[in-house]
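Q: next one to model:
(2 chains)
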Amino acid sequence: QQQVKQSPQSLIVQKGGISIINCAYENTAFDYFPWYQQFPGKGPALLIAIRPDVSEKKEGRFTISFNKSAKQFSLHIMDSQPGDSATYFCAARGAGGYNKLIFGAGTRLAVHP
Amino acid sequence: NAGVTQTPKFRVLKTGQSMTLLCAQDMNHEYMYWYRQDPGMGLRLIHYSVGEGTTAKGEVPDGYNVSRLKKQNFLLGLESAAPSQTSVYFCASTPSRGGAQETQYFGPGTRLLVL
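A: Numbers count the residues shown, from 1 in each chain, chains lettered A, B, ... in the order given. Predicted coordinates for the structure are as follows:
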């Protein structure tokens, strides 16, 4: 039972283009939505995160757009670079405490030069 | 600071064998987690711990046991390995309070192959 649905599974973008990864959730009790970035052979690392009372958060070339009514959020990578090639996971934190996260299935991004 | 470290990096087991994966963190974090990562499945929580001497089940706990005898260490045990447990295992930790309390810090992973 996947409570956070992520799409697409894989994405190819040209250098300088915009990468967009989408996630949807059902549980309205989720209260925190992070994105993690994972390079091959490494553990995931926090990239950017948002709370449901904010519609957008931007950090450099990375932006999260959050639509509370639609229960959807997305990651936008502007001016994508080959160094952005990685797997991206969206996640959501449940109301049960202890910072437990439910992860999406992941998106493998390849940015071609 | 080494952050979160995992031992071993890679292991091959035969069906029915047992092993223990070790996770260590030097950040004095209260919360620790074990995940497994499988293609197309994302990261799924196996067990977690909110403090020394406490553990709890996550989403996929069957076939695994854990212990947290010391605050800095979180052990994941497989008593009788099965091919379905072939996966990459990640440990993570989080402080219970403070500015970084919502960030999970991950280790580099342990790749396990069960034949």
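
Q: near chain B, which residues of chain A?
A: For chain A, the residues in contact with chain B under the definition C-beta under 8 Å from any C-beta of the partner chain are A:2, A:4, A:6, A:9, A:32, A:34, A:36, A:41-46, A:49, A:89, A:93, A:98-106. No exception for glycine: its C-beta is placed from N, CA and C like everyone else's.

Q: 10 Å instead?
A: Selection of chain A residues close to chain B by C-beta under 10 Å from any C-beta of the partner chain yields A:1-4, A:6, A:9, A:31-32, A:34, A:36, A:38, A:41-46, A:49, A:51, A:87, A:89-91, A:93, A:96-106, A:108.

Q: how confident was the prediction at the residue in chain A that chain B sits nearest to?
A: Going by C-beta to the nearest C-beta, chain B is nearest to residue A:43 of chain A, at 3.2 Å. Per-residue pLDDT puts residue A:43 at 97.

Q: ditto for residue A:31
A: Turning to residue A:31, the model gives it a pLDDT of 89.

Q: and if you look at residue A:97?
A: According to the prediction, residue A:97 has pLDDT 79.

Q: need the contact list for it.
A: Taking C-beta atoms under 10 Å, 6 or more residues apart in numbering or on different chains as the definition of contact, the neighbours of residue A:97 are B:31, B:50, B:96.

Q: among those, which one has the lowest pLDDT?
A: Across the contacts of residue A:97, no position has a lower pLDDT than residue B:96, which has 80.

Q: helices of chain B, start to end?
A: Counting by DSSP state H, chain B forms no helices at all.
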